[in-house]
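Engineer: just coords:
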């Protein structure tokens, strides 16, 4: 997992064209008036999910991972905690190929993402997003899914 601010997005362009496309989109788009939903950037290869929600208590969170997509999770406004652990250290549940999603069981570490920060999560990165902070507040997040 990589965590940084959108101001440093260009530092990660060398990680691949899709990551560059995603980070450029995030850094050049004003999401304030964009409604929650799915938005294609490069068809099924690169698309954005705009979300608006109140983060959940830790006991309601769960570990997840993907096999065919890399996530770039960007906090447009608000803050949330996100958990991270290597998939190899966790117990995987059943994989849903239609949603490219599976839950895992185990323990990990947490970091707080604030407005203007993003996390890059590869398939080997189990993550638990959307967890409340002590200052629970509404979050507007953009998750860009990159097909790998």
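Structural biologist: Noted; the coordinates are in hand. Everything numeric here is computed off the predicted structure, so don't read it as measured data.
Engineer: hey, what's the residue nearest the centre of the chain bridged with?
Structural biologist: Nearest to the geometric centre of the chain sits residue 73, at 2.8 Å (CA atoms, centre = their mean). Judged by DSSP bridges, the bridge partners of residue 73 are residue 119, residue 143.
Engineer: can you give me the helices in this protein?
Structural biologist: 17-28 (DSSP state H).
Engineer: And the strands in it, which stretches?
Structural biologist: 2-5, 37-42, 46-53, 63-65, 69-77, 79-86, 91-96, 101-105, 109-114, 117-121, 125-131, 139-147 (DSSP state E).
Engineer: I'd like the ones you listed as a markdown table, with distance to residue 13 appended.
Structural biologist: Every residue, glycine included, has its C-beta placed from N, CA and C. Below are the strands of the chain laid out as a markdown table (distance: least, CB to CB, whole Å):
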| stretch | distance to residue 13 |
| --- | --- |
| strand 2-5 | 12 |
| strand 37-42 | 15 |
| strand 46-53 | 14 |
| strand 63-65 | 25 |
| strand 69-77 | 12 |
| strand 79-86 | 23 |
| strand 91-96 | 31 |
| strand 101-105 | 28 |
| strand 109-114 | 21 |
| strand 117-121 | 12 |
| strand 125-131 | 20 |
| strand 139-147 | 13 |
